[in-house]
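> Sequence and predicted model, in that order:
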Amino acid sequence: MKPWYADGLRFECERCSACCRHEPGYVFLSAQDIRSLMEGLSLDFRSLLRNYCRVVDLGSHAVLSLRETKRYDCILWGEGGCTVYGHRPVQCRTYPFWAQVVDSAEDWNLEAASCPGIGKGRTRPRSEIESRLAERRASPPLMIERGVGLEDLDEDTLLGR
Ligand code: SF4
Ligand code: SF4
């Protein structure tokens, strides 16, 4: 069955920075994100976790997220934009083509209230939308046992080395 977005969806980032700043939120991190951020920031595992990450308890399990400033800006936001753009996490790279956002036309239109780029610019073909969905599925957030702190996490175990 064809998805409702079979003819593509219009999206062009207007660089308003709303998805990076001003409101509380999470940027969940996968193993691939951790490796990429270590490379992009030239940091070792321990320094990356200590300076840029936090553990978020989701009830049944916990996950790793980027930290925020007191103003609810992403810790990796800088005046010129994302300071790790080429190494930004998969959650950021794949927005707004997330499963919950493209689940239905209604969900897509609801998301437009948070992102002025939705419904604007060029039409992204179905292949691009599905490639983003697949990218996110292939790089899920790391799951951590509840109660485990950042300092307890082992690099080799977490990154599957
Ligand atoms: S909210 Fe949308 S338009 Fe604004 S920076 Fe994020 S992706 Fe771009
Ligand atoms: S990592 Fe970059 S793109 Fe992602 S929320 Fe932070 S500043 Fe925005």
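Alright, I've got the coordinates. Ligands and ions are numbered 1, 2, ... in the order given.
> Please enumerate the strands of the protein.
Remark: strands assigned in the chain by DSSP state E are 9-11, 53-57, 62-66, 77-78, 81-82, 118-124, 143-144.
> Out of these, which is closest to ligand 1?
Nearest to ligand 1, of all those, is strand 118-124, at 6.9 Å by CB to the nearest ligand atom. Just so you know, the C-beta spots here come from the backbone N, C-alpha and C atoms, and that holds for glycine as well.
> List the buried residues in that closest one.
In terms of neighbour count (16 or more other CB atoms under 10 Å), strand 118-124 has its buried residues at 118, 124.
> repeat for stretch 150-161
153, 159.
> Just the endpoints, please. Distance across it?
End-to-end distance for stretch 150-161: 18 Å, by CA to CA, to the nearest Å.
> tell me the mean pLDDT over it?
For stretch 150-161, the mean pLDDT works out to 91.
> Can you read off the pLDDT for the residue nearest in space to the middle of the chain?
Closest to where the C-alpha atoms of the chain average out (CA atoms, centre = their mean) is Gln91, at 2.1 Å. pLDDT recorded at Gln91 is 98.
> ok, it touching Pro140?
No. In this structure Gln91 lies outside contact range of Pro140 using CB atoms under 8 Å: 10.3 Å.
> If we go by neighbour counts, what in the helix ranked longest in the chain is buried?
Longest helix in the chain by number of residues (criterion: DSSP state H): helix 126-138. For helix 126-138, burial by neighbour count (16+ other CB under 10 Å) applies to 129, 132-133, 136.
> Closest one of those to Val148?
Closest approach to Val148 among the buried residues of helix 126-138 (CB to CB): Arg136, at 24.3 Å.
> from what I can see the closest one touches Ala99, true?
Yes. Contact criterion CB under 8 Å: Arg136 and Ala99 qualify, at 7.3 Å.
> Right, I'll call it a day here.
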